[in-house]
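Colleague: Next comes the sequence, and after it the predicted model I'd like to discuss.
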Amino acid sequence: MKLGEATSAWARRIKRDALTLWFARSHPATPWYAKALGAFVVAYALSPIDLIPDFIPVLGYVDDVILLPGLIWLAVRLLPQEVLTASRLKSEQWLAEHGSKPRSLAGAATIIVIWLVAGIALTIWMSGALAH
């Protein structure tokens with residue numbers, strides 16, 4: 001398998017597993033901690049807004065290449081095997097029917113809130129630092 005093919009296969013698995021977590025969140029056999037992490041990961045993965053914008057050199061792609069795949073991997077590992085199997089089947093069916101992942105407005109709102117809180121915290125910190 002060539003590097004380009006391997007990268008494409010890896011990206012498809014990440015996309016499928018993000019969608020797998022979306023289906024696993026409503027499965028009754030999913031433990032609460034897997035649901036909590038899965039909900040965060042899904043909201044972020046399906047959000048049209050990145051935590052670290054891609055236009056920021058190097059750091060902009062860290063979330064896409066390292067952070068998000070790592071969180072997806074961890075959340076998938078927390079799922080019981082029967083939940084993982086059922087949810088992967090549903091995600092593969094979804095992708096076959098729709099061709100793309102759904103979008104999460106809640107995920108976008110979460111990212112906006114994180115940026116706002118960080119901006120407010122930075123402003124407060126800077127105003128305190130300038131006062132001294």
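Modeller: Thanks, I have it.
Colleague: burial of the residue nearest to R16 when sequence neighbours are not counted, as a residue count?
Modeller: Beyond its immediate neighbours in the sequence, the residue positioned closest to R16 (CB to CB, 6 or more residues apart in numbering) is S91, lying 5.2 Å away. (Glycine included, C-beta is placed from N, CA and C.) When neighbours are defined as other CB atoms under 10 Å, S91 has 21 of them.
Colleague: Distance-wise, check S91 relative to G99.
Modeller: Distance, S91 to G99, using CB to CB, to the nearest Å: 13 Å.
Colleague: Now find how far off-centre stretch 73-92 is within its chain.
Modeller: The chain centroid and the centroid of stretch 73-92 are separated by 15 Å under CA atoms, centre = their mean, to the nearest Å.
Colleague: what comes up buried for it?
Modeller: Taking 16 or more other CB atoms under 10 Å as the basis for neighbour counts, the residues of stretch 73-92 that come out buried are A75, V76, L78, L79, V83, L84, A86, S87, R88, K90, S91.
Colleague: thinking again about what came up before, so where does the residue nearest to R16 fall, helix or strand?
Modeller: With elements taken from DSSP states H and E, the one containing S91 is helix 81-98.
Colleague: on contacts alone, who are the packing partners of that helix?
Modeller: Packing contacts for helix 81-98, counted by 3 or more CB pairs under 8 Å, 6 or more residues apart in numbering; DSSP states H and E, involve helix 3-24.
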